[in-house]
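In: Sequence plus predicted model, see below.
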Amino acid sequence: MAVGFSVDYFWYEVGSGEFLHAFFSTIAYHLENGKWGSRYPIIMRKLYQGEIESKDIKLAIKELKKIRSLLQRISPEKVVWDIEDLSKQPPWGDNISEEITDLSNYFVTSSGEDLIIMLQEALDQAKELKVSLTIDTL
């Protein structure tokens, strides 16, 4: 079952729920010292729980820019697949594309798009339409 972001009638497909959880786990582990939502409450709490309300979209955009900037400093082998079980590894192991240079571009969606860039586009769309962004399943 695929998960993605919904903005009004727009759909941004991410991939599996496990993959999206890895994205959040990596942020919590490396950028929040394992304290989920302590530095990025909109992205890490509200989005992870399924929705960023329209009133919080601008703050989410700021948080995502900071997250991206900080993830650029961390090498791809430091990915955290599951913060609750640090022994878990991605299904592909360390067999990744040479184009992946750091954790900011590690997460590539099932359609081949950079997850952070896609989330940025979804947030921009939500801001423009003045609507919420939600996580949904297909």
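Out: Good, I have the coordinates. Model, not experiment: these values are computed from the prediction. Numbers count the residues shown, from 1 in each chain.
In: how about the strands of the protein, start to end?
Out: Counting by DSSP state E, the chain has strands at residues 3-7, 10-15, 51-52, 133-137.
In: which residues are contacting the third one?
Out: Spelled out, that is strand 51-52. Residues outside strand 51-52 that contact it (CB atoms under 8 Å, 6 or more residues apart in numbering): 42-43, 46, 60, 123, 126, 132-135. Placement of C-beta: from N, CA and C, glycine included.
In: ditto for stretch 99-110
Out: Contacts for stretch 99-110 (CB under 8 Å, 6+ apart): 2, 13-16, 19, 22-23, 26, 30, 68-69, 71-76, 78-79, 96-97, 114-116, 118.
In: and residue 70, how far is that from residue 36?
Out: Separation of residue 70 from residue 36 (CB to CB, to the nearest Å) stands at 16 Å.
In: And the pLDDT for residue 15?
Out: We note a pLDDT of 95 for residue 15 in this prediction.
In: right, and it touches residue 5 too?
Out: No. Residue 15 is beyond contact range of residue 5, at 11.6 Å (criterion: CB atoms under 8 Å).
In: Give me the buried subset of the contacts of stretch 99-110.
Out: The neighbour count (16 or more other CB atoms under 10 Å) marks 2, 14-15, 19, 22-23, 26, 30, 68, 71, 74, 76, 79, 114-116, 118 as buried among those.
In: Centre-most residue in the chain?
Out: Central residue of the chain (CA atoms, centre = their mean): residue 23, 4.8 Å from the mean position.
In: re earlier: JSON lines for the strands of the chain, including distance to residue 87?
Out: Below are the strands of the chain laid out as JSON lines (distance: least, CB to CB, whole Å):
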{"stretch": "strand 3-7", "distance to residue 87": "24"}
{"stretch": "strand 10-15", "distance to residue 87": "22"}
{"stretch": "strand 51-52", "distance to residue 87": "31"}
{"stretch": "strand 133-137", "distance to residue 87": "26"}
